[in-house]
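S.K.: sequence-free structure coming up:
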């Protein structure tokens, strides 16, 4: 991993390399015999012409690092390029380490491909791979202005600066190159795809390449090209085209407002059915999605000839649902000009700005201008409540960070604006408005204290949230928002008995089979059981997991049940351990990155409970190779304690776990294992005990859940609170309120309780 940062820098900058850029032989290849008139017509339609290779616009210092020796057209070089590009599809964008590694390989592949093309290569599989690669590069535009992405690039170069003695000027050059690669990717994609269609019309990769062209065209709102390209892609598959292929064609046709094409494709899809029984559920789900697209498309076509304001506004919002952003903007702009005193066209323009950028500043401007106009309908309040809180939060964050002492008076005006919106929304949805008002009230009460350094008083206000959310469920018993807020916030309750009551309050009949609510309830019960080490809560979690409705994601449900089996296996239930091991093994085959490391770690722990320590250690090694997994490192040591405690490197490894683990339990138990090593004669036992006390004190100092997560049951909680609101053209106001927990199984240090007791006896721990 030492040079990972540098290779990521190289990979990111090289993502735009093209096998279809101008180079030796390109003109003659472009003039190749066209044996398929239909494909040639598509190629002529999409081809922007030869493009300047991105390799040429890279900074010279980066280009020098990208140079390679040997024949650029050799079979070995081409195979390496294709394999590296193909590996990009397997990476999860949320997994930073996996992204860096895949970016390294992709960068290397693109450099090889660029060199091969400049040297005259016309390998069809390489062209097809690069068509997909350019799609991935263009997708980076959604992250270009994202702080996390900028941090990844910057942190990568920070390491490169130390190793290569580079300069900050090179960082600026790198950012320019990355931005240029993203901007150039669409044209490069279309040119290399056009080359493949012209020069290799009979190659097996043509249908897939046509599909990438279709997707890109639809994103660019060139719907005619998108529909035509996918029709040809499915036609070129012939008998190999499955029901799923025709479902996708139907979707694209309906989005392109080609109803006849969509109807025919949908009829064919239903006739062919799912490719395999295992894909039946996915096939049915996609059919439902296409049915909704078809309904929307028919409404848009039906409203095309209507001139009234209401019809225009409705058509504009329907166009947004199918991602016809330019047409929607034109529709709302015309309506705005014709009806300047009506709030609805401005609401539509705000919704369009959210999809075009998303441009929250422009959207907020439209919404604030509409505040004094007539006909502020439900949609106005939903767009506003999905937009303005984010703008307000951004402005407040900037204001509160100016100067050493934040002026809390600045909270009043923006919070008053949000409260006014909530009051207006109450006429349309009193239950959802009440939930929003509760969140605003808690925030207003707690923020001044937290910003003033009064953490405990501030958290005391936040801990009122579960009880007050539960009170809302009595006022609005069928409010999904209120129930989800209860189950997300219940982890903040500072009393196990009260938390149990809150988490087990019976759901109303209308919601008892709601998949989202039942999932959040089961997760909450499991988290609470581990937090408070409460057997009654564990029993409730077992019941909740056993009765999850069918709509819950199968992998998530399997993870919950396997976690419960693993805990029962630790108590001596060998059959439960075997079930857990099998379930985690299945999950590991379907996951990548951190999720795969988690499944492998937990499978290893379940196997260790059955006595298969050798296989467990092998799986832990795989977990550590998949992702930086401190829990797996600690478990490896624990399983081999008798052999490793005499190794001086063990102290260093565990010290690293203490520093890097992102769960309190793993940090504390890793230090407790260091005490065990010292007690076995390897190290200073007194010093290790003092460090243990320091680690525990640190965890107590930053604990905010109401209890320190000691993990004495052998499960380390990794919690992520997700609470956000936004606006979606299809769903309206969207409130995300969940805690997607990760449960890391681990082996507790055998003297952990004794160490805690000794610390408490020596110096009572105050809260």
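M.R.: In hand now; what should we look at? Worth saying up front: this structure is predicted, and the values here are computed from it rather than measured.

S.K.: going by C-alpha atoms from here, please, whenever you check contacts or count neighbours.
M.R.: Fine.

S.K.: after the longest helix along the chain comes which helix or strand?
M.R.: In the chain, with assignment by DSSP state H, the single longest helix is helix 168-199. Where DSSP states H and E defines the elements, the next helix or strand beyond helix 168-199 is helix 206-219.

S.K.: quick one: list the elements packing against that next one.
M.R.: helix 124-139, helix 168-199, helix 223-237 (3 or more Cα pairs under 8 Å, 6 or more residues apart in numbering; DSSP states H and E).

S.K.: do you know which of those lies nearest residue 107?
M.R.: Closest to residue 107 of the helices and strands packed on helix 206-219 is helix 124-139 (Cα to Cα; 10.2 Å).

S.K.: distance check, residue 732 against residue 364.
M.R.: 16 Å (Cα to Cα, to the nearest Å).

S.K.: the two: which is more packed in?
M.R.: residue 364 (24 against 16; other Cα atoms under 10 Å).

S.K.: could you check how far residue 666 is from residue 242?
M.R.: Taking Cα to Cα, one finds residue 666 at 48 Å from residue 242.

S.K.: of these two, who's got more company?
M.R.: Shown here are residue 666 and residue 242; by other Cα under 10 Å, residue 666 has more neighbours (33 against 18).

S.K.: now the one helix or strand the more buried one maps to: average pLDDT?
M.R.: Following DSSP H and E, one finds residue 666 within helix 664-679. Helix 664-679 shows an average pLDDT of 94 in the prediction.

S.K.: let me see the contact set for the residue lying farthest from the centre of the chain.
M.R.: Distance from the C-alpha centroid of the chain peaks at residue 681, with 46.2 Å (Cα atoms, centre = their mean). Residue 681 makes contacts with residue 646, as judged by Cα atoms under 8 Å, 6 or more residues apart in numbering.

S.K.: got the residue ranges for the helices in the stretch 451-600 of the chain?
M.R.: Listed in chain order, the helices of the stretch 451-600 of the chain (DSSP state H, counting those that start in this stretch) span 455-462, 465-475, 480-489, 496-503, 515-532, 535-546, 554-570, 574-590, 593-610.

S.K.: okay if I get the ones you listed as CSV plus mean neighbour count and distance to residue 304?
M.R.: Listed next are these as CSV, based on neighbours: other Cα atoms under 10 Å; distance: least, Cα to Cα, whole Å:
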stretch, mean neighbour count, distance to residue 304
helix 455-462, 17, 50
helix 465-475, 19, 43
helix 480-489, 25, 36
helix 496-503, 18, 50
helix 515-532, 24, 37
helix 535-546, 18, 49
helix 554-570, 21, 42
helix 574-590, 20, 45
helix 593-610, 27, 47
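
S.K.: closest one to residue 214 among those?
M.R.: For residue 214, the closest of the helices of the stretch 451-600 of the chain is helix 574-590, at 28.1 Å, according to Cα to Cα.

S.K.: and that closest one, what does it pack onto?
M.R.: By 3+ Cα pairs under 8 Å, 6+ apart, helix 574-590 packs against helix 554-570, helix 593-610.

S.K.: ok, residues contacting the last one?
M.R.: Translated: helix 593-610. Applying Cα under 8 Å, 6+ apart, the contact partners of helix 593-610 are 91-92, 95, 97-98, 566, 569-570, 574, 577-578, 580-585, 587-590, 613, 615-617, 619-620, 622-624, 626-629, 631-632, 744-747.

S.K.: and if you look at stretch 682-697?
M.R.: Residues contacting stretch 682-697 (Cα under 8 Å, 6+ apart): 645-646, 648, 667-668, 671-672, 674-675, 677-679, 755, 759.

S.K.: low-confidence ranges, the stretch 601-750 of the chain, go.
M.R.: Counting by pLDDT under 70, the stretch 601-750 of the chain contains no low-confidence range.

S.K.: swap the cut-off to 90 and go again
M.R.: 625-628, 641-652, 660, 662, 680-683, 701-707, 720-724, 736-738 (pLDDT under 90).

S.K.: what comes up buried for the host helix or strand of residue 696?
M.R.: Per DSSP H and E, residue 696 falls inside helix 685-702. In terms of neighbour count (16 or more other Cα atoms under 10 Å), helix 685-702 has its buried residues at 685, 688, 689, 691, 692, 693, 695, 696, 699, 700.

S.K.: next one: stretch 439-455
M.R.: Neighbour-count burial for stretch 439-455, counted by 16+ other Cα under 10 Å, picks out 439, 440, 442, 445, 446, 447, 448, 449, 455.

S.K.: and the third one, what element?
M.R.: Element membership for residue 442 (DSSP H and E) is helix 430-451.

S.K.: how distant is that helix from the center of its chain?
M.R.: Offset of helix 430-451 from its chain centre (Cα atoms, centre = their mean, to the nearest Å): 27 Å.

S.K.: outside of it, which residues touch it?
M.R.: Helix 430-451 is contacted from outside by 406, 408, 415, 419, 422-423, 425-426, 455, 457-459, 461-462, 464-465, 468-469, 472, 476, 479, 481-482, using Cα under 8 Å, 6+ apart.

S.K.: check contacts around the closest residue to residue 77 other than its chain neighbours.
M.R.: Distances taken as Cα to Cα, 6 or more residues apart in numbering put residue 112 closest to residue 77, at 6.5 Å, once the chain neighbours are dropped. Shown in contact with residue 112 (Cα under 8 Å, 6+ apart): 68, 72, 77, 78, 80, 81.

S.K.: most surrounded residue in those residues?
M.R.: residue 81 (25 neighbours).

S.K.: so who does the nearest residue to that one once chain neighbours are set aside touch?
M.R.: Computed as Cα to Cα, 6+ apart, the closest residue to residue 81 that is not its neighbour in sequence is residue 109, at 3.8 Å. Contacts for residue 109 were tallied using Cα under 8 Å, 6+ apart; they are 80, 81, 82, 83, 84, 85.

S.K.: next step: the residues you listed restricted to strands.
M.R.: Judged by DSSP state E, strands contain none of these.

S.K.: against residue 352, how distant is residue 644?
M.R.: With the distance defined as Cα to Cα, residue 644 ends up 61 Å from residue 352.

S.K.: same question, residue 579
M.R.: Residue 579 is 50 Å from residue 352, where distance means Cα to Cα.

S.K.: do the same with residue 564
M.R.: From residue 564 to residue 352 the distance is 46 Å (Cα to Cα).

S.K.: could you do residue 752 as well?
M.R.: Taken as Cα to Cα, the span from residue 752 to residue 352 is 57 Å.

S.K.: now do the contacts for the residue nearest to residue 522 when sequence neighbours are not counted.
M.R.: Using Cα to Cα, 6+ apart and skipping residues adjacent in sequence, the residue nearest residue 522 is residue 544, 5.4 Å away. Remark: with contacts taken as Cα under 8 Å, 6+ apart, residue 544 is in contact with 518, 521, 522.

S.K.: pretty sure residue 744 sits in a strand.
M.R.: Yes - under DSSP: H, G, I helix; E, B strand; the rest coil, residue 744 falls within a strand.

S.K.: test my guess that it contacts residue 713.
M.R.: No - between residue 744 and residue 713 there is no contact under Cα atoms under 8 Å: 11.0 Å.

S.K.: who touches both of those two?
M.R.: In contact with both residue 744 and residue 713: no residue, using Cα under 8 Å, 6+ apart.

S.K.: with neighbour numbers in mind, choose between these two.
M.R.: residue 744 (24 against 17).

S.K.: where does the closest residue to that one other than its chain neighbours land in three-state SS?
M.R.: Spatial nearest neighbour of residue 744, excluding adjacent residues (Cα to Cα, 6+ apart): residue 716 at 5.0 Å. Assigned with three-state DSSP, residue 716 falls in the strand class.
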